[in-house]
Each structure stands twice: as structure tokens, then as C-alpha cells.
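Chemist: Could you work out the structure for the sequence below:
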Amino acid sequence: MKSGRARGQSWLGLEGAALVRRSCFFWCAINIYALGATLFWLLTGEPAFAQGQKLSECLRNLQHNSARPLRTFCPEAPKELEDLLKSLLHHDPTRRPRLPQSVANALAPFADAGAAEAAAPADETHSREVTSGPGTPWA
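Modeler: Numbering: from 1, shown residues only. Okay, here's the model as predicted:
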């Protein structure tokens, strides 16, 4: 007796397997775009695309304009990070990185640099005391 579980994608046929591959590609592309938009917001506190007064202006900006350059808001950001964000936010899904692992690999040097910077002794003029307790999210 068979278990009812299909092995691989053979149960879909050729057309179904191609549809699944395209679907997976577009889900990855959508998630990579969302990651780019989230990273841009976290780094700048601003949306990646200019906002309009009306919904129609916002949608037009998303459809026809490129993302704003990261270094407009963060001049100290590396050019490579700006280029990566630009590729994550590209209008054409086929021009974005294809695999999440490639995005993780591209982001790794920036994470390593941030960890080294965080471990460096703080300058007295820029240091601040962080405590946990009532009212802080990590209490």
C-alpha cells in the first residue's frame, strides 16, 4: 500500500512542476524585496521610496521610480551596502538576488563590521548608560 505522499514533483506533471518553480522564484523575489525595504527603513528611519500626498502618487513612485539612495540619508554607509539595497529593491524581480543565501552572504561583511564596531571601546563623548528595568523592553 502506498503512503499517499508524492515523491518529488512527478505528480504535478511537467507544467505543474514549472509552475511550482516559477511560484517559488516569485515568492523569493517578493521576500527579498521586503527584506530590502525593511533594511532601508531600519538604517534610515525612512521609506525607500518617496512618499506622495495621495495613494496614487505613492503607488506611482513604487512602480516607476528607483529606491532612494541609502547614502542620501546615511553618508557614512559603504557604497557596497547601498548597491546591495538597490539590487534588493529593483523593480524587475529577475534583477534581484535569486537566493536568500546569496543575500545573507552579501550582508555578512556588514554584520561582521558592525560587531567589531560594537566591541570597540566607546568614545566618552558618545557613550551612554543602558540599564534594564521597568519601562525598558528588555527588562
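
Chemist: for the protein, which spans come out with low pLDDT?
Modeler: Low-confidence segments of the chain, defined by pLDDT under 70: 1-22, 114-139.

Chemist: need the helices for it, in chain order.
Modeler: All helices of the chain, identified by DSSP state H, fall at 13-44, 55-64, 70-73, 79-88, 100-119.

Chemist: Which one of these lies nearest to T94?
Modeler: With C-beta to C-beta as the criterion, T94 lies closest to helix 13-44 of the helices of the chain, at 7.8 Å. Just so you know, the C-beta spots here come from the backbone N, C-alpha and C atoms, and that holds for glycine as well.

Chemist: Let me have the helices of the chain in CSV, extended by mean neighbour count and distance to T94.
Modeler: Written out in CSV, the entries for the helices of the chain read as follows (neighbours: other C-beta atoms under 10 Å; distance: least, C-beta to C-beta, whole Å):
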stretch, mean neighbour count, distance to T94
helix 13-44, 14, 8
helix 55-64, 12, 17
helix 70-73, 16, 22
helix 79-88, 17, 11
helix 100-119, 11, 14
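
Chemist: Next, find the distance separating L89 from V103.
Modeler: 12 Å (C-beta to C-beta, to the nearest Å).

Chemist: wait, A111
Modeler: From A111 across to V103, the span is 12 Å (C-beta to C-beta).

Chemist: repeat for S23
Modeler: To V103, S23 is 19 Å away according to C-beta to C-beta.
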